[in-house]
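Student: could you look at this predicted model? Sequence included:
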Amino acid sequence: MRRVYNTGTLCHFPAMPHSPVRVLHIVNSLGLGGTEKTMQLLVAHLDRSRFQPAVFCPQDGPRAEQIRKLGVKTHIDSDLLTVLQRLKPAIVHIHRAGWPETHTLRTLRLARVPVVVETNVFGRHDPSASARVIDHTLFVSRFCLDRFSQETGIRVNPRRHSVLCNPVDTDTLAAASPPERDFSTPSAARISRADPGKWSRLALDFVPEVVRAVPDFRYHIVGGIPEAVDFARDNNLAQHMIFHPPLASDVDIAAFLAPVSLLAHANDTGESFGLVIAEAMACGLPVVTHPCPGSRDNAQLELVEHGVTGLVARDAAEYAQAVIHLLTHPAEARRMGRAGRDKAAALFRAQTVTARLEALYLELLARKGIQS
């Protein structure tokens, strides 16, 4: 079944010498995850006088309605080839993990899409012949680009590879956050999907020690898993660990983070970027996180500079002490929070990131001799 939606109000722009470039973004899901949010922010901020964005996904989801309200068409369809033949986009931008997706890439080649860009979310290598259709690969962090090169032996070519950090709506998050945050509040927050793969035991094991040192400590959690609920019950921490439903918008995120003094991040698989961390920084919060061993994702250490935008802990004891330190030193927490907010605005602001993407689109079109 094919469904095309466009329920939003389109903005009107003055006539241009050339029609806006048609850009189709492809994702596998339209849920509330970070990959989908990244795509949404990019299509939201593309200059409509120069680009005409649309979104393709095999299945509908909660983020789709937000995209349609932007005046961006969503093509919910299992037949990508038919959509490509009908739309004839000059650029297809596919958001994927990086592992082989031969069917999608073969379809792009069959449709003779002029320019293909991928956002490689996890920095993985696709050695398939189908991947040759990709003109440029964007990595969401320097860590992912460096690991890709080290593990594959592929020399980084700026014409073929570059870093484009995930966009963050820093303006909205900052505006919706308290102008003067109360860092004396003995509370922390955690945000993730309710997925065990997004958790670490560190996210639980630090709590008892913090409660002993700060008896009024409250830990607000979005994305609680059964293990966390059991941990709270079995350790008599139910009054200290408060579980909340998922958050649908940046305004909701800012409101959830408004009464806390820090973000407690812990994920055993690490972060290829760390969208939740970046959003907390944009809200003016310091972040406590940890390194991951081996070749696991470690981009969280690009965002959280120890002693500057937060604290990095190696184990549960260090993690607890980091949380206690920030809770009992509000002036330091404020300083780190401000540094994080400034860093997020400088590096991850959606408008800035999208402008860089637009420049790449135009460069790739020029290389192919396509007038834009």
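Tutor: Looks like it came in fine. Keep in mind that what you see is a predicted model, and the values were worked out from it rather than measured.
Student: drop to CA atoms for contacts and neighbour counts, all remaining ones
Tutor: Noted.
Student: could you verify that A366 is part of a helix?
Tutor: Yes. Under DSSP: H, G, I helix; E, B strand; the rest coil, A366 sits within a helix.
Student: what's it in contact with, if anything?
Tutor: Counting by C-alpha atoms under 8 Å, 6 or more residues apart in numbering, A366 touches S372.
Student: apply 10 Å and report the result again.
Tutor: Counting by C-alpha atoms under 10 Å, 6 or more residues apart in numbering, A366 makes contact with L360, S372.
Student: now swap in L145 and tell me
Tutor: Counting by C-alpha under 10 Å, 6+ apart, L145 touches N120, F122, G123, R124, T137, L138, F139, V156, H161, S162, V163, S272.
Student: same thing with D195?
Tutor: Here D195 is in contact with G223, G224, I225, P226 (C-alpha under 10 Å, 6+ apart).
Student: coming back round to it: now the two most distant members of the contacts of L145.
Tutor: V156 and S272 (18.0 Å; C-alpha to C-alpha).
Student: which one of the two is surrounded by more residues?
Tutor: For V156 versus S272, the count of surrounding residues by other C-alpha atoms under 10 Å is larger for S272: 23 against 14.
Student: which element is the more buried one on?
Tutor: Here S272, judged by DSSP states H and E, is contained in no helix and no strand.
Student: same check on T119?
Tutor: Here T119 sits within strand 115-120, counting by DSSP H and E.
Student: same check on G340?
Tutor: Assigned by DSSP H and E, G340 falls in helix 330-347.
Student: which strands and helices sit next to that helix?
Tutor: helix 170-175, helix 275-282, strand 287-289, helix 300-303, strand 310-312, helix 316-328, helix 350-367 (3 or more C-alpha pairs under 10 Å, 6 or more residues apart in numbering; DSSP states H and E).
Student: give the contact list for the closest residue in space to A174 that isn't next to it in sequence.
Tutor: Nearest in space to A174, with sequence neighbours left out and distances taken as C-alpha to C-alpha, 6 or more residues apart in numbering, is C283 at 5.2 Å. C283 makes contacts with 170-179, 181, 253-255, 257-258, 277, 337-338, 340-342, 344, as judged by C-alpha under 10 Å, 6+ apart.
Student: repeat the analysis, applying 7 Å as the threshold.
Tutor: Neighbouring residues of C283 by C-alpha atoms under 7 Å, 6 or more residues apart in numbering: L173, A174, S177, A254, R341.
Student: next secondary structure after the worst-scoring helix or strand of the chain on mean pLDDT?
Tutor: Here the helix or strand of the chain ranked lowest by mean pLDDT, DSSP states H and E is strand 3-5, holding a mean of 53. Note on strand 3-5: by DSSP H and E, the next helix or strand toward the C-terminus is strand 21-26.
Student: and after that following strand, which helix or strand comes next?
Tutor: Next along the chain from strand 21-26, counting by DSSP H and E, comes helix 34-45.
Student: for that following helix, name the packing helices and strands.
Tutor: Contact partners of helix 34-45 among helices and strands, from 3 or more C-alpha pairs under 7 Å, 6 or more residues apart in numbering; DSSP states H and E: helix 350-367.
Student: looking only at pLDDT, what's the mean for the helix it packs on?
Tutor: For helix 350-367, mean pLDDT rounds to 98.
Student: do the same with stretch 188-208
Tutor: 96.
Student: next, the buried residues of it.
Tutor: Buried positions in stretch 188-208, judged by neighbour count with 16 or more other C-alpha atoms under 10 Å: 188-193, 196, 198-200, 202-208.
Student: circling back to that earlier point, and the residue nearest to A174, how far from T328?
Tutor: 20 Å (C-alpha to C-alpha, to the nearest Å).
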